[in-house]
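1. Kindly return the folded structure for what I paste below:
(one chain, ligands or ions: 1)
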Amino acid sequence: MSLLISVVAASMAIVSPTGGMAAQGLVVDGRFSAADGGTHRAVTFDGTAVPAGSRVAVTERTSYDGTRVELRISGVQANRTFGAHVHTQACGSTPDASGPHYQNVKDPKQPSTDPQYANAQNEVWLDFTTDARGDGGAVSTVQWSFRAGEARSVVVHEHATETGPGHAGMAGARLACVNVPFE
Ligand SMILES: [Cu+2]
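-> So this is what the prediction gives:
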């Protein structure tokens, strides 16, 4: 936690050479709780893949040239590849509550499985593979900023994100979700 905060604090000192706008950031850090209908920062729907008590941290850094999102997870299933994305809605007591993926340019056809829209430049993809301890993470950098209030969570999925026509953006079941008020 303190390390992540210091990373963001350092980034805030960076000043854009063009606009004079300082970079800004936020950190969300916590443990997954079993989805029991209560209000939690982070919930798991699969206690085998993402045990209650495992840790998650999401760091967002915004600047004049785009947005960088970092996901760190620890204590989940070891040696496994998970899909992960920024979603539009907050986490809820059911996996579907987090809504579709956030898209910079919205696909008029939802759910979006067209690679022209469902791709890692138009969405924020954070797929990761855990090590033998069950720790893993990913960084995504995109050349745009989130629309206020439209990106509200990171969802961890069953498997790596697919990219082909008709399947793009799909990553299997939603295993866990962490609330992040992206700005
Ligand atoms: Cu997703």
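
2. drop to CA atoms for contacts and neighbour counts, all remaining ones
-> Fine.

3. residue contacts, the residue positioned nearest the centre of the chain?
-> Nearest to the mean C-alpha position of the chain, counting by CA atoms, centre = their mean, stands V154 at 3.3 Å. Counting by CA atoms under 8 Å, 6 or more residues apart in numbering, V154 touches 84-87, 177-180.

4. that's a helix at A97, yeah?
-> Yes: counting by DSSP: H, G, I helix; E, B strand; the rest coil, A97 is found in a helix.

5. What is the neighbour count of it?
-> Residues contacting A97 under the criterion other CA atoms under 10 Å number 14.

6. How about the one 5 residues further on?
-> Residues near Y102, counting by other CA under 10 Å, number 24.

7. got the contact list for it?
-> By CA under 8 Å, 6+ apart, the neighbours of Y102 are 86-88, 123-124, 150-151.

8. Also T81?
-> So T81 contacts 127-130, 159-160 (CA under 8 Å, 6+ apart).

9. quick one: contacts of stretch 106-119?
-> 100, 103, 105, 123, 125, 163-170.

10. nearest spatial neighbour of the residue nearest to the centre of the chain, skipping sequence neighbours?
-> Spatial nearest neighbour of V154, chain neighbours left out: V86 (4.5 Å); criterion: CA to CA, 6 or more residues apart in numbering.

11. who wins for neighbours among the contacts of V154?
-> Among these, C177 has the most neighbours (other CA under 10 Å), with 32 neighbours.
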